[in-house]
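**Student:** After the sequence you'll find the predicted model.
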Amino acid sequence: MRFNREVVKVADARERLFPHIRVKPTEKLKLEQCVGRYLAQEIVSTSPLPHFHRSSMDGYAIRAADTRGATRERPVLLEVLETIPAGSVPQHPITRGTASRIMTGAAVPEGADAVVMIEWTETIEKDEKTYIYIPRELEPGTHIAPTGSELEQGTLLLGKGQRIGPGEMALLATFGYAEVEVYERPTVAIFATGSELLNVSSPLLPGKIRNSNSYTLLSLLLDAGAIPLMQETLPDEVEQAQAKILDALDRADLVITTGGVSVGDFDILVDIFERWDGRMLFNKVAMRPGSPTTVGVREDKFLFSLSGNPGACFVGFELFVRPVIAGMMGKPDRSLPTFTAVMDEDFTKPSPFERYVRGRYEIVDGQMFVRLAGTEKSSITLTIKDANCLIVVPPGGRGVGKGDKVQAIMLKKWE
Ligand SMILES: Nc1nc2c(c(=O)[nH]1)N[C@H]1C(S)=C(S)[C@@H](COP(=O)(O)OP(=O)(O)OC[C@H]3O[C@@H](n4cnc5c(N)ncnc54)[C@H](O)[C@@H]3O)O[C@H]1N2
Ligand code: MOO
Ligand SMILES: [Mg+2]
């Protein structure tokens, strides 16, 4: 069993996960708590936008017809009736020969069909009345956003499964959605395994290292919208680790372990999966890094056992865990954010498996280029911070050369 693992392609491994995704129940949240959540309801415009004829400039509301024939030499003279601040209701309709001073965002008074900017006018006072000169003709509609010009009432704006970001928040607020039905966040228990692991606060000891994977995962999970539950580090002791992991599976929606999944004597997850009473979906993937990545499901809950090597742990999360969490939070689409780019350097490391190389993309003269974030090795921690994409290098002895077209997966969309 230990050395006889069926190798599964990345795409097939991902496909094996998806039927087991169970979408979380929904909850009603205050709008300010909805950022990063996925909508469990459709959102329609509850009014036209704008819902009144709105001035888009500080100026004067006028009848465009009154400016006919106006020039610098022969400006038209209009009597000013009132001042209309944003938020108020105009008191006087505009009739021939009149205007009202109006502010950006204010409701345009009846009868007016154009707004002339303040800068274009000259004000005079005469007989306790205010007048303006307008030195040019205006087209009807100038600087007015008519009712419903951005959106009609009843327009479907956002569908179920849409993630809520800045633009979605703006629409929800605009249309009065003070509470929103969204999917709950899954809880995810994180276990680092390995007797070599020290807590972050520990001084270094001979042969031991500090546990970094738990913190990488903590950050990835928060970014993905899940609720991370940091667990104690597990020594390479099968019985104890198994009990802790099974207990966490009862408490959390999903469990992630790192380390102990390869062919070493103390790779305890292999033993745990041998005794696993759930389904093992795969235990070897045709990829580097992270080939020993193993995933099981038990009563519709996933146990993701990612490789211990920091680079492999990171890549395993992006390819397998992130889409599952998004699915549990209501995202319907399982695809990876892939793009095509041109290699900006040679990468000729041979590999029997497809490689997901930590890279950086950059647009130069309208062309997307990618290069390595640094030394590409599963054990390297340094390049995780520098990667903004994963370059997909096909298997084989040749790798890819400078100028070759490659596929890459977008990371860190917030950067
Ligand atoms: N004979 C073979 N040896 C190895 C093979 C193989 O096919 N045959 N595969 C290699 C590959 S590829 C990988 S990837 C690793 C996978 O190892 P494990 O997933 O079993 O992980 P560990 O053995 O526990 O640790 C590997 C490495 O990562 C360090 N580590 C572990 N946990 C953490 C943590 N929480 N924070 C930071 N660093 C961690 C650990 O100390 C090891 O250095 O196996 C290869 N071997
Ligand atoms: O599968 Mo391992 O992560 O390549 O080095
Ligand atoms: Mg190992």
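**Tutor:** That came through fine. Being a predicted model, the structure only gives us computed values, none of them experimental. Ligands and ions are numbered 1, 2, ... in the order given.

**Student:** For the stretch 151-300 of the chain, what lies in contact range of ligand 3?
**Tutor:** Contact residues, the stretch 151-300 of the chain versus ligand 3 (C-beta under 5 Å from the ion): 262, 264, 267. Just so you know, the C-beta spots here come from the backbone N, C-alpha and C atoms, and that holds for glycine as well.

**Student:** 6 Å instead?
**Tutor:** With C-beta under 6 Å from the ion as the criterion, the stretch 151-300 of the chain comes near ligand 3 at residues 260, 262, 264, 267.

**Student:** which residues sit in contact with the first one?
**Tutor:** In other words, Gly260. Residues in contact with Gly260, defined by C-beta atoms under 8 Å, 6 or more residues apart in numbering, are 193-194, 236, 241, 266-270, 305, 308.

**Student:** Just the buried ones from those residues, in ChimeraX syntax?
**Tutor:** The buried residues among the contacts of Gly260 can be selected in ChimeraX (16 or more other C-beta atoms under 10 Å) with this line:
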select :193,194,236,241,266,267,268,269,270,305,308
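
**Student:** what about Ser212, how many neighbours?
**Tutor:** A count of neighbours around Ser212, defined by other C-beta atoms under 10 Å, yields 16.

**Student:** tell me the contacts of it?
**Tutor:** Ser212 neighbours (C-beta under 8 Å, 6+ apart): 310, 381.

**Student:** So for it, what pLDDT did the model give?
**Tutor:** Note for Ser212: predicted pLDDT of 98.

**Student:** Same question for the one 10 residues further on.
**Tutor:** Residue-level confidence at Leu222 comes out at 96, pLDDT.

**Student:** what about Pro90, how many residues close to it?
**Tutor:** Look at Pro90: counted by other C-beta under 10 Å, it has 21 neighbours.

**Student:** pretty sure it contacts Glu82?
**Tutor:** Yes. Contact criterion C-beta atoms under 8 Å: Pro90 and Glu82 qualify, at 7.1 Å.

**Student:** hang on, the earlier thing: which ones among the contacts of Gly260 lie within helices?
**Tutor:** The helices, defined by DSSP state H, take in 241, 268-270 from the contacts of Gly260.

**Student:** and the longest strand belonging to the chain, how far out from the chain's middle?
**Tutor:** With secondary structure taken from DSSP state E, the chain has its longest strand at strand 354-364. Put simply, strand 354-364 sits 19 Å off its chain's centre (C-alpha atoms, centre = their mean, to the nearest Å).

**Student:** just checking, what packs against it?
**Tutor:** Judged by 3 or more C-beta pairs under 8 Å, 6 or more residues apart in numbering; DSSP states H and E, the packing partners of strand 354-364 are strand 287-288, helix 310-316, strand 367-372, strand 389-393, strand 405-410.

**Student:** same thing but at 6 Å, please
**Tutor:** On a contact count with 3 or more C-beta pairs under 6 Å, 6 or more residues apart in numbering; DSSP states H and E, strand 354-364 meets strand 367-372, strand 389-393.

**Student:** Can I get it in CSV, CA atoms only?
**Tutor:** Output in CSV follows, covering the C-alpha atoms of strand 354-364 (Å, rounded to 0.1, in the frame of the first residue of the first chain):
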residue,chain,number,x,y,z
GLU,A,354,3.4,18.8,-14.3
ARG,A,355,4.9,21.6,-12.2
TYR,A,356,3.2,24.5,-10.5
VAL,A,357,6.0,26.9,-10.3
ARG,A,358,5.8,29.9,-8.0
GLY,A,359,6.1,32.9,-10.4
ARG,A,360,5.5,36.5,-11.0
TYR,A,361,3.5,38.0,-13.8
GLU,A,362,4.1,41.4,-15.3
ILE,A,363,2.6,43.2,-18.2
VAL,A,364,5.2,44.8,-20.5
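
**Student:** So, low pLDDT: which residues of the protein?
**Tutor:** Along the chain, the parts satisfying pLDDT under 70 run over 1-3, 413-415.

**Student:** Give me the contact status of stretch 219-233 with ligand 1.
**Tutor:** No. Stretch 219-233 stays clear of ligand 1 (C-beta under 6 Å from any ligand atom), getting no nearer than 7.3 Å.

**Student:** which residues are in contact with the helix or strand hosting Ala99?
**Tutor:** Per DSSP states H and E, Ala99 falls inside strand 98-102. By C-beta atoms under 6 Å, 6 or more residues apart in numbering, the surrounding residues in contact with strand 98-102 are 55, 60-62, 78-84, 109.

**Student:** Quick check: can you name the pairing partners of that strand and their directions?
**Tutor:** If you go by DSSP bridges, strand 98-102 pairs up with strand 59-62 (antiparallel), strand 76-84 (parallel).

**Student:** Quick check: which of those is buried the most?
**Tutor:** Ranked by mean neighbour count under mean count of other C-beta atoms under 10 Å, these are led by strand 59-62, which reaches a mean of 28.

**Student:** That strand: how far from the chain's middle?
**Tutor:** In terms of C-alpha atoms, centre = their mean, the centre of strand 59-62 is found 42 Å from the chain centre.

**Student:** Likewise for stretch 374-386?
**Tutor:** Chain-centre distance of stretch 374-386: 24 Å, with C-alpha atoms, centre = their mean.

**Student:** In a helix, Leu246, correct?
**Tutor:** Yes. Using DSSP: H, G, I helix; E, B strand; the rest coil, the assignment for Leu246 is a helix.

**Student:** what separates it from Glu239, distance-wise?
**Tutor:** 11 Å (C-beta to C-beta, to the nearest Å).

**Student:** Surely Thr187 is in contact with Pro228?
**Tutor:** No. Using C-beta atoms under 6 Å, Thr187 is not in contact with Pro228; the gap is 8.1 Å.

**Student:** So which of these two has more stuff around it?
**Tutor:** Taking other C-beta under 10 Å, Thr187 and Pro228 do not tie; Pro228 has more neighbours (21 against 17).

**Student:** mind listing what the more buried one touches?
**Tutor:** Counting by C-beta under 6 Å, 6+ apart, Pro228 touches 188, 190, 218, 221.
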